[in-house]
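Undergrad: here is a sequence with its predicted model. Questions after.
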Amino acid sequence: MTPDALILRLARDARDLRAAQRLRYEVFIEELGADGPLVDHDQRLEIDAFDPFFDHLLLIDPKRDPDTLSDVVGVYRLLPPERFAAAGRYYSETEFDLTTLKSSGRRLLELGRSCVHRDMRGGSAMFLLWNGLAEYVLEREIEVLFGAASFHGTDVAALAQPLAFLHHHHRAPQALRVAPKPAHAQAMGLLREDQVIRAKAMAGIPALIKAYLRLGGFVSDGAWVDHAFNTVDVCLVMDTAQMSGKHRDFYTRKQGREG
């Protein structure tokens, strides 16, 4: 139970998974205009073939009715190293060449399908999910986090400022660098560095990507245009030795334990 009387835990059963898929439907399908081959519009569930292999970190509001699947107000999908063989590949491999990461010999955790209910945004929901993620990472000795993160819409020209900013200032070092697959690849260096207006660029970067950057994350060498999901995706990569220390410092400050 969190200080906001919200419950943070992993999904336990099929009902929990359906509640996560309902929230994903509300955010990705209804709000952002995405679609996919397994989406169940009748039941309002955003279903993906990888769901059975992932852990699903849930933020639950006990005041909401679980019978209507409305109690899950935040979700993060996590594929630990032990599940990779069963899944056969990473979800992100649809869009990105992950050879560098897969050949690194390090313990990898793929992240995805992160979202928060519209009523919970601007508060502590994402912060609570991040704390749950940090605990998950530390318990399982994860060394590298990665996963696709999205800009809404597929108008690349409209995203020139944020994409160019990420390219010039937050591109991953060679040892962690991945690139989009050719079919829908999009170069991110659309502007020269001196043409990037920092304030304008930062205003166009989604909150989730900003959170990764604050914790020492990097982005791929190029983006991938996902027409089915109505997004432009970058692959975020983070060395958790760096992330965990920064995150714990941030958490203790937020809880007033320093000074």
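TA: Good, I have the coordinates.
Undergrad: roughly how far apart are residue 84 and residue 112?
TA: Note on residue 84: its distance to residue 112, by Cβ to Cβ, to the nearest Å, is 14 Å. C-betas here are computed from N, CA, C, even on glycine.
Undergrad: out of those two, which sits in the busier spot?
TA: Ranked by neighbour count (other Cβ atoms under 10 Å), residue 84 and residue 112 place residue 112 first, with 19 against 16.
Undergrad: what's downstream of the helix or strand hosting the more buried one, the next helix or strand?
TA: Following DSSP states H and E, the helix or strand that holds residue 112 is strand 108-116. On the C-terminal side of strand 108-116, the nearest following helix or strand under DSSP H and E is helix 125-139.
Undergrad: can I get the helix or strand just after that following helix in PDB, CA atoms only?
TA: In the C-terminal direction, the helix or strand that comes right after helix 125-139 (DSSP H and E) is strand 144-152. Taking C-alpha atoms only, strand 144-152 is exported to PDB below (Å, rounded to 0.1, in the frame of the first residue of the first chain):
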ATOM      1  CA  VAL A 144      20.200  -3.000 -18.600                       C
ATOM      2  CA  LEU A 145      16.700  -1.700 -19.000                       C
ATOM      3  CA  PHE A 146      15.400  -1.100 -22.500                       C
ATOM      4  CA  GLY A 147      12.200  -0.700 -24.500                       C
ATOM      5  CA  ALA A 148      10.300   1.400 -27.000                       C
ATOM      6  CA  ALA A 149       8.900   4.700 -26.000                       C
ATOM      7  CA  SER A 150       6.500   6.700 -28.100                       C
ATOM      8  CA  PHE A 151       5.800  10.200 -29.500                       C
ATOM      9  CA  HIS A 152       2.100  10.500 -30.400                       C
END
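Undergrad: which strands border strand 144-152, and is each parallel or antiparallel?
TA: strand 108-116 (parallel), strand 231-239 (antiparallel) (DSSP bridges).
Undergrad: how about TSV for those strands, with mean pLDDT added?
TA: Listed next are the strands paired with strand 144-152 as TSV, based on pLDDT from 0 to 100:
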stretch	mean pLDDT
strand 108-116	95
strand 231-239	96
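Undergrad: deepest-packed of those strands, please.
TA: Among the strands paired with strand 144-152, ranked by average contacts under mean count of other Cβ atoms under 10 Å, first place goes to strand 231-239 (a mean of 25).
Undergrad: from residue 237, how far off is the closest residue to residue 22 other than its chain neighbours?
TA: The shortest distance from residue 22 to any non-neighbouring residue, by Cβ to Cβ, 6 or more residues apart in numbering, is to residue 69 (4.3 Å). Distance of residue 69 to residue 237, computed by Cβ to Cβ: 33 Å.
Undergrad: was I right about residue 74 contacting residue 119?
TA: No - checked against Cβ atoms under 8 Å, the pair residue 74 and residue 119 is beyond contact range at 10.9 Å.
Undergrad: what about those two, which has more around it?
TA: Neighbours were tallied for residue 74 and for residue 119 using other Cβ under 10 Å; the higher tally belongs to residue 74 (24 against 11).
Undergrad: residues touching the more buried one, list them.
TA: For residue 74, the contacting residues are 23, 58, 59, 115, 116, 117, 120, 125, 126, 128, 129, taking Cβ atoms under 8 Å, 6 or more residues apart in numbering as the criterion.
Undergrad: same question, residue 174
TA: Contacts of residue 174 were listed using Cβ under 8 Å, 6+ apart, and they are residue 100.
Undergrad: alright, I will stop here.
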